[in-house]
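K.L.:
just the structure for this:
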Amino acid sequence: MDKSSSKKNINLDRTEVIGAYISGPDYFLNYELSWLQFNWRVLAQAEDPSIPLLERIKFIGIVCSNLDEFFQKRVGGLKRQLHAGVTRLSVDGRTPEKQLREVRKEVLKMIHAYRTCYFETLLPQLEKEGVQIVRYSKLSKELKRKAEEFFESQLYPIITPLAVDEAHPFPFISNKSRSLAIKLQNPQTGDHHFARIKIPSNRPRWITLKKGKGIRILVSISDIITEKIDRFFSGMKVESVHLFRVTRNADVERQDEEADDLLEMIEDELRERRFAEIVRLEIDSRTPADVKEYLMKNLKIKKKDIFEMDGPIGLADCTQLYDFDGLDHLKYEKWVPALHSVFRHNTDEELPDIFDTIRKGDFIVHHPYHSFELTTQRFIEEAAKDPGVLAIKQTLYRTSSDSPLMHSLIKAADDGKQVAVLVELKARFDEQRNITWAQKLEKAGVHVSYGISGLKIHSKMTMVVREERGELVRYVHIGTGNYHPHTAQLYEDLGYFTCDTEIAGDVTDVFNLLTGYAPDQTYKKLLVAPRHMRGSIIKMIDGEIEAAENGNGGKIIAKMNSLEDPLTIEKLYQASQAGVEIDLIVRGVCRLIPGKKGLSETIRVHSIIGRFLEHSRCFYFKNAKKHRYWIGSADWMHRNLDARVEVLTPIQDKGLNLYLKFLLQLYLRDNQLRWMMQSDGSYKRIQINKDEKAISVHEQLMDHIKNNNNPIPKSMD
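P.N.:
As a prediction, the model looks like this:
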């Protein structure tokens with residue numbers, strides 16, 4: 001492993017954002033509460049009767065999975081501040097303690113809403129479709145026998161009951177695991193004891209006991225274990241058995257500037273995270289008071305960390321119901337990503353050479369509408385096999401555990417090609433996977449580097465160097481999403497292919513920055529964070545301010561995942577006050593307050609939530625009718641602009657600009673998936689008028705890409 005690169009500490013003149021000139025709740029929304037507003041919009045998908053049933057159940061799982069991550073990262077971070085005695089106000093004027101109080105209040109409302117939706121609406125509808133989740137006690141004798149057989153063969157051998165007494169300390173409770181808290185009594189002595197059983201996570205949440213003739217009967221394995229609990233405690237009286245689940249703090253990052261070996265530091269951090277403090281206890285509301293007190297004492301938590309629930313806990317697992325076979329009629333019609341039009345003109349059965357295609361002209365791929373396998377993945381695979389390719393360079397933030405792209409890079413190295421991969425070991429919750437890939441890549445002879453100390457490498461770039469007629473030609477892919485073949489089926493992202501010499505030169509220089517020492521690097525076309533991007537964005541906003549003040553109608557459309565950076569928000573307020581028309585398409589957190597008199601009257605904030613996760617970043621500046629478009633990896637957040645290596649590339653081809661214009665305007669016309677933020681920070685879903693045509697951006701794009709020989713509608717021009 002290239003340990004020297006992990007130790008680099010280069011001064012990149014990063015801007016340390018202490019705060020904007022303005023602050024307080026009149027100017028900024030709270031980050032945590034804005035995040036919870038996003039999760040409410042996801043929950044609205046589960047509550048929407050027009051959406052197929054299993055998709056709605058899947059959205060419940062996403063809501064719960066989002067909350068898990070929220071507690072691990074955001075609540076964990078606030079608690080760390082609280083324990084450290086931090087009392088300073090956030091940019092919106094709240095202390096950590098106040099934020100935790102407001103978060104708990106909002107989360108309690110959300111828990112009630114999603115559990116009501118799941119248990120009172122979705123499960124009864126699922127039962128009408130023949131899928132029944134039945135309590136063990138309600139099963140027929142025959143089905144009880146099947147459940148018992150499963151218990152004896154698949155559960156009992158792997159479960160280890162853990163008692164607590166003088167010889168057995170309170171057991172470690174792993175993050176997000178479901179456990180049974182068991183209160184026992186010794187009939188001979190009358191003494192009470194506590195025991196814990198971990199519900200095996202390597203078994204399915206539900207097993208199918210009966211299937212056929214339009215009916216499927218399921219039972220929860222935790223229910224089976226509870227019913228068979230006496231098997232584990234022969235001679236003891238079981239007084240109570242109740243589920244509980246813990247969430248641990250994931251906000252335990254260390255300062256990698258001080259690390260001798262970044263890989264070793266991340267491995268230590270993962271071990272530390274495993275044993276980090278508990279930030280949430282979910283527990284059955286029927287659990288006896290003395291057992292709750294016992295858990296609180298031994299888990300070292302307070303009452304405000306407990307969330308009581310009636311019935312099953314850990315509903316992130318309900319996504320398993322989505323994967324049952326034979327239920328496709330309860331899902332969206334399957335979308336098969338289309339072949340990009342640049343490859344459709346070939347009359348032969350084989351696809352045209354990808355390098356020839358790129359040389360003929362730049363093109364943009366739009367996932368999941370365009371096939372990832374036949375474009376981005378194929379780019380890497382063809383480069384690995386092509387004898388004319390001399391080198392491949394790539395940044396890796398996230399990928400799958402079975403990634404065909406990584407196997408292609410390994411093959412390329414085996415064949416003697418120069419392969420360099422920048423692996424981001426600090427990609428949250430993917431650290432172990434990235435460590436594993438880094439080790440496999442290095443073993444194959446790939447030059448593996450970790451980049452620059454103190455910065456995450458979040459840019460999405462691949463460069464292929466190919467020898468053609470005695471000259472070296474560089475082919476480049478710059479994307480908004482990760483090189484992850486699985487998420488490319490669900491996440492909406494853009495990718496740009498080009499062999500433009502200036503852009504390729506800039507990409508070369510970015511790789512040199514990441515693998516070598518080039519702190520004073522400048523770029524001809526790319527915007528690169530942390531040194532250059534912030535200033536360039538501010539300059540472009542200033543250009544729109546000047547245009548508006550000169551009567552030339554400044555305009556900005558910006559699509560991103562999150563908008564948090566105080567300095568950028570302040571500049572957008574200035575632009576609004578100058579009369580610049582601003583549309584912000586922000587899927588998640590947005591701390592800017594739109595439509596506020598005297599502050600942001602010309603700013604509108606939109607959010608699209610639907611079957612695909614909106615993940616692309618795309619920016620438009622009118623630029624006095626010169627119309628500049630950019631795509632890339634960076635949101636307008638402090639961490640992206642000042643603490644990550646990010647890349648935005650200009651899109652200069654007029655045809656590609658037309659597609660991006662079509663795309664952005666389609667988002668702004670959507671009346672099925674779009675929400676608008678109100679000036680109080682709440683969101684309202686766009687309501688369609690009776691005489692108005694329904695426009696769903698996801699449906700429209702699937703139809704357009706599938707038939708994309710059709711011209712872009714004139715109304716979108």
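K.L.:
ok, now which ones touch residue 644?
P.N.:
Listed by CB atoms under 8 Å, 6 or more residues apart in numbering, the contact partners of residue 644 are 455, 456, 457, 458, 529, 530, 634. No exception for glycine: its C-beta is placed from N, CA and C like everyone else's.
K.L.:
gap between the last one and residue 448?
P.N.:
The one in question is residue 634. With the distance defined as CB to CB, to the nearest Å, residue 634 ends up 24 Å from residue 448.
K.L.:
show me which of the two is the more surrounded one.
P.N.:
More crowded of residue 634 and residue 448, by other CB atoms under 10 Å: residue 634, with 28 against 24.
K.L.:
which one in this protein is furthest away from the centre?
P.N.:
Within the chain, residue 188 marks the point farthest from the mean C-alpha position, 54.1 Å out by CA atoms, centre = their mean.
K.L.:
what about the strands in the stretch 101-250 of the chain?
P.N.:
131-133, 162-164, 178-185, 192-198, 206-212, 215-220, 237-248 (DSSP state E, counting those that start in this stretch).
K.L.:
what's the longest one packed up against?
P.N.:
When contacts are defined as 3 or more CB pairs under 8 Å, 6 or more residues apart in numbering; DSSP states H and E, strand 237-248 packs onto strand 178-185, strand 278-284, helix 289-299.
K.L.:
repeat that with 6 Å
P.N.:
strand 178-185, strand 278-284 (3 or more CB pairs under 6 Å, 6 or more residues apart in numbering; DSSP states H and E).
K.L.:
out of these, flag the one nearest residue 572.
P.N.:
strand 278-284 (33.4 Å; CB to CB).
K.L.:
got the angle between that closest one and helix 289-299?
P.N.:
160 degrees (axes from the mean of the first three to the mean of the last three CA atoms, to 10 degrees).
K.L.:
picking that back up, with mean pLDDT and mean neighbour count added, can I get the strands of the stretch 101-250 of the chain in a markdown table?
P.N.:
Formatted as a markdown table, those follow (pLDDT from 0 to 100; neighbours: other CB atoms under 10 Å):
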| stretch | mean pLDDT | mean neighbour count |
| --- | --- | --- |
| strand 131-133 | 96 | 20 |
| strand 162-164 | 92 | 16 |
| strand 178-185 | 96 | 20 |
| strand 192-198 | 95 | 19 |
| strand 206-212 | 94 | 16 |
| strand 215-220 | 96 | 20 |
| strand 237-248 | 96 | 19 |
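K.L.:
let's have those in CSV, adding distance to residue 49.
P.N.:
Shown next, in CSV, are these (distance: least, CB to CB, whole Å):
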stretch, distance to residue 49
strand 131-133, 18
strand 162-164, 45
strand 178-185, 30
strand 192-198, 38
strand 206-212, 24
strand 215-220, 22
strand 237-248, 30
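K.L.:
nearest to residue 143, out of the ones you listed?
P.N.:
Of all these, strand 206-212 comes closest under CB to CB, at 4.6 Å.
K.L.:
show me what the closest one is packed up against.
P.N.:
Under the contact rule (3+ CB pairs under 6 Å, 6+ apart), strand 206-212 is packed against helix 141-150, strand 215-220.
K.L.:
could these be laid out in JSON lines, adding distance to residue 549?
P.N.:
What follows is the helices and strands packed on strand 206-212, written out as JSON lines (distance: least, CB to CB, whole Å):
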{"stretch": "helix 141-150", "distance to residue 549": "73"}
{"stretch": "strand 215-220", "distance to residue 549": "64"}
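K.L.:
of all these, which lies closest to residue 243?
P.N.:
Nearest to residue 243 among those is strand 215-220 (10.0 Å), distances taken as CB to CB.
K.L.:
what are the pairing partners of that closest one, and which direction each?
P.N.:
strand 131-133 (parallel), strand 206-212 (antiparallel) (DSSP bridges).
K.L.:
between it and strand 237-248, how many degrees?
P.N.:
Using the same axes, to 10 degrees: strand 215-220 against strand 237-248 is 90 degrees.
K.L.:
pLDDT score assigned to the residue lying closest to residue 228 once chain neighbours are set aside?
P.N.:
Of all residues not flanking residue 228 in the chain, residue 151 sits nearest, at 5.3 Å (CB to CB, 6 or more residues apart in numbering). We have a pLDDT of 97 for residue 151.
K.L.:
quick one: residue 151 and residue 226 touch, right?
P.N.:
No. At 10.8 Å, residue 151 does not count as touching residue 226 under the criterion of CB atoms under 6 Å.
K.L.:
that older thread, can you say which of the strands paired with strand 215-220 is nearest to residue 161?
P.N.:
strand 206-212 (20.9 Å).
K.L.:
what residues does the closest one touch?
P.N.:
Residues from elsewhere that reach strand 206-212 (CB atoms under 6 Å, 6 or more residues apart in numbering): 143, 146, 150, 216, 217, 218, 219, 220.
K.L.:
give me that answer again for 8 Å
P.N.:
Here strand 206-212 makes contact (CB under 8 Å, 6+ apart) with 133, 139, 143, 146-147, 150, 216-221, 224, 320-321, 324.
K.L.:
just the helices in the stretch 551-700 of the chain please.
P.N.:
For the stretch 551-700 of the chain, applying DSSP state H, counting those that start in this stretch gives helices covering 566-577, 638-642, 654-669, 697-706.
K.L.:
returning to what we had before: redo the strands paired with strand 215-220 as CSV? Include distance to residue 499.
P.N.:
CSV is the format used below for those (distance: least, CB to CB, whole Å):
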stretch, distance to residue 499
strand 131-133, 52
strand 206-212, 52
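K.L.:
quick one: distance of stretch 373-389 to the chain centre.
P.N.:
27 Å (CA atoms, centre = their mean, to the nearest Å).
K.L.:
list the buried residues of that stretch.
P.N.:
374-384, 386, 389 (16 or more other CB atoms under 10 Å).
K.L.:
make a markdown table out of those and add secondary structure, pLDDT and distance to residue 555.
P.N.:
As requested, these are exported to a markdown table (DSSP: H, G, I helix; E, B strand; the rest coil; pLDDT from 0 to 100; distance: CB to CB, whole Å):
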| residue | secondary structure | pLDDT | distance to residue 555 |
| --- | --- | --- | --- |
| 374 | coil | 96 | 36 |
| 375 | coil | 97 | 31 |
| 376 | helix | 97 | 31 |
| 377 | helix | 97 | 36 |
| 378 | helix | 97 | 37 |
| 379 | helix | 98 | 34 |
| 380 | helix | 97 | 37 |
| 381 | helix | 97 | 41 |
| 382 | helix | 97 | 40 |
| 383 | helix | 98 | 39 |
| 384 | helix | 97 | 43 |
| 386 | coil | 97 | 43 |
| 389 | strand | 98 | 42 |
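K.L.:
give me the nearest residue to residue 104, chain neighbours excluded.
P.N.:
Among residues not flanking residue 104 along the chain, residue 304 sits closest, at 6.3 Å (CB to CB, 6+ apart).
K.L.:
ok so the one you found is a strand residue?
P.N.:
No. Secondary structure of residue 304 (DSSP: H, G, I helix; E, B strand; the rest coil): helix, not part of a strand.
K.L.:
between the helices of the stretch 551-700 of the chain, which gets nearest to residue 430?
P.N.:
So among the helices of the stretch 551-700 of the chain, helix 638-642 is nearest, using CB to CB, at 16.4 Å.
K.L.:
thinking again about what came up before, how near is the residue nearest to residue 228 to residue 173?
P.N.:
23 Å.
K.L.:
how is the protein carved up into domains?
P.N.:
Residue ranges for the domains of the chain, per automatic domain parsing: 26-336, 345-515, 528-716.
K.L.:
distance to residue 522 added to the ones you listed, as a markdown table?
P.N.:
Listed next are the domains of the chain as a markdown table, based on distance: least, CB to CB, whole Å:
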| stretch | distance to residue 522 |
| --- | --- |
| domain 26-336 | 25 |
| domain 345-515 | 8 |
| domain 528-716 | 8 |
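K.L.:
quick one: closest of those domains to residue 521.
P.N.:
domain 345-515 (5.0 Å).
K.L.:
give me the distance from the closest one to the chain's centre.
P.N.:
Distance, centroid of domain 345-515 to centroid of chain: 21 Å (CA atoms, centre = their mean).
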